[in-house]
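> Kindly return the folded structure for what I paste below:
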Amino acid sequence: MTTRDIDESVSAELNRLRQSIDNIDAAVVYMIAERFKCTQQVGHLKAAHHLPPADPARESRQIARLRQLAESAHLDPAFAEKLLNFIVAEVIRHHERIADESTAHDQA
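Numbering: from 1, shown residues only. Model prediction:
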């Protein structure tokens, strides 16, 4: 069965829900972009003050906080943790690049 084979009212509801999902996906992308703008600033601040790219204590606190938020939102905390770990790994990669660029600039 394809969406062409289903009742028109079901198809309309499916399209309405999918539009909502598309809107939420767009909001998520923009929110992640905003988050990365902030973490880029953190990366530059850390590089300027020769701080390490990663902060394991902060990451642990963030994981605990996100797991609690996920539970209250009825979202699987393990999924939320995996998502945060993915984002944090990318942030650290950015911070390492910023630190490398800062070091190269200082040496020039």
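
> switch to C-alpha atoms for all contacts and neighbour counts from now on
Noted.

> and residue 54, backbone torsions?
The phi/psi pair for residue 54 (degrees, to the nearest 10) reads phi -100, psi 150.

> OK, contacts around it?
92, 95 (CA atoms under 8 Å, 6 or more residues apart in numbering).

> ditto for residue 48
Counting by CA under 8 Å, 6+ apart, residue 48 touches residue 102.

> Compute the distance between it and residue 59, please.
For residue 48, the distance to residue 59 (CA to CA, to the nearest Å) stands at 21 Å.

> residues near residue 93, how many?
Using other CA atoms under 10 Å, residue 93 is surrounded by 15 other residues.

> what helix or strand is it on?
For residue 93, the host element (DSSP states H and E) is helix 77-107.

> what mean pLDDT would you report for that helix?
Regarding helix 77-107, the rounded mean pLDDT is 93.

> I'd like the numbering to begin with 17 instead of 1 from here.
OK, 17 is where the count begins now, so the last one is helix 93-123.

> By neighbour count, which bits of that helix are buried? Give me those.
For helix 93-123, burial by neighbour count (16 or more other CA atoms under 10 Å) applies to 93, 96-97, 100, 104, 107-108, 110-115, 118.

> so what secondary structure elements neighbour the strand or helix carrying residue 80?
In this assignment (DSSP H and E), residue 80 forms part of helix 72-88. On a contact count with 3 or more CA pairs under 8 Å, 6 or more residues apart in numbering; DSSP states H and E, helix 72-88 meets helix 93-123.

> what angle do the helix it packs on and helix 72-88 make?
Computed by axes from the mean of the first three to the mean of the last three CA atoms, to 10 degrees, the angle separating helix 93-123 from helix 72-88 equals 150 degrees.

> which residue packs closest to residue 83, ignoring adjacent ones?
Of all residues beyond its chain neighbours, the one nearest residue 83 is residue 93 (4.6 Å), with distances taken as CA to CA, 6 or more residues apart in numbering.

> and the helix holding residue 109, what other elements does it pack with?
helix 24-64, helix 72-88.

> Kindly recompute the last result at 6 Å.
With contacts defined as 3 or more CA pairs under 6 Å, 6 or more residues apart in numbering; DSSP states H and E, helix 93-123 has these neighbours: helix 72-88.
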